[in-house]
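Enquirer: This is the structure alone, sequence omitted:
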């Protein structure tokens with residue numbers, strides 16, 4: 001039995017989710033994102049944003065909980081890309097570093113998007129660990145690049161078009 005449980009985001013999780021989200025960004029992107037951007041994140045503002053998202057898009061975000069603490073999360077929904085290639089996008093996928101390699105990320109991604117669902121995601125170009133993780137789930141770079149919304153960093157799109165075996 002795992003020490004965590006995966007559940008849909010509920011109101012009582014939004015503050016802990018905000019703490020986890022900010023911590024994950026600071027852990028994973030300290031060499032990719034300017035320090036002033038990471039330092040500017042505010043837990044209360046992020047929690048309010050997650051609460052708005054929870055209400056507007058119920059069931060799109062799942063959190064991994066140990067007791068009442070969020071240790072990771074995944075969020076998926078209709079792509080924001082035009083044209084939509086494919087129609088579903090993994091919008092967020094994060095796990096706190098102490099939980100790397102435990103299987104929580106595997107469980108989160110499979111909860112967010114079924115294994116045979118065509119899907120896209122955006123990832124920092126200079127994040128080989130994330131590229132490697134997503135390749136395990138059938139994602140490949142499609143050659144599309146953009147500037148990330150909060151930083152001057154380049155993101156690349158990865159897509160998955162599973163085939164029945």
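Expert: Thanks, I have it. Because the structure is predicted, anything quoted here is derived from the model rather than measured. Residues are numbered from 1 along each chain as shown.

Enquirer: Spell out the residue ranges of the helices in this protein.
Expert: 14-28, 35-40, 43-56, 104-112, 128-135 (DSSP state H).

Enquirer: What are the phi and psi values at the closest residue in space to residue 89 that isn't next to it in sequence?
Expert: Spatial nearest neighbour of residue 89, excluding adjacent residues (Cβ to Cβ, 6 or more residues apart in numbering): residue 79 at 3.9 Å. Every residue, glycine included, has its C-beta placed from N, CA and C. Residue 79 adopts backbone torsions of phi -60, psi 150, taken as degrees, to the nearest 10.

Enquirer: Quick check, pLDDT for residue 79.
Expert: Per-residue pLDDT puts residue 79 at 95.

Enquirer: tell me the contacts of it?
Expert: 85-89, 120 (Cβ atoms under 8 Å, 6 or more residues apart in numbering).

Enquirer: Without its sequence neighbours, what residue ends up closest to residue 21?
Expert: residue 46 (5.9 Å).

Enquirer: low-scoring pLDDT stretches of this protein, where are they?
Expert: 163-165 (pLDDT under 70).

Enquirer: Distance-wise, check the residue nearest to residue 89 relative to residue 98.
Expert: Going from residue 79 to residue 98 by Cβ to Cβ, to the nearest Å gives 31 Å.

Enquirer: same check, this time on residue 141
Expert: 29 Å.

Enquirer: Pull the residues that contact stretch 21-28.
Expert: Counting by Cβ under 8 Å, 6+ apart, 33, 38, 41, 43, 46, 50, 72-73, 92, 94-97, 127, 130 sit against stretch 21-28.

Enquirer: Longest strand in the chain, please.
Expert: Counting residues, the longest strand found in the chain (DSSP state E) is strand 69-78.

Enquirer: how about that one: buried residues?
Expert: 70-77 (16 or more other Cβ atoms under 10 Å).

Enquirer: Specify the angle between that strand and helix 104-112 in degrees.
Expert: 40 degrees (axes from the mean of the first three to the mean of the last three Cα atoms, to 10 degrees).

Enquirer: Against which helices or strands is strand 69-78 packed?
Expert: Applying 3 or more Cβ pairs under 8 Å, 6 or more residues apart in numbering; DSSP states H and E, one finds that strand 69-78 contacts helix 14-28, strand 61-66, strand 88-95, helix 104-112.

Enquirer: buried stuff in the first one?
Expert: When you say that, I think you mean helix 14-28. For helix 14-28, by 16+ other Cβ under 10 Å, it's 14-25, 28.
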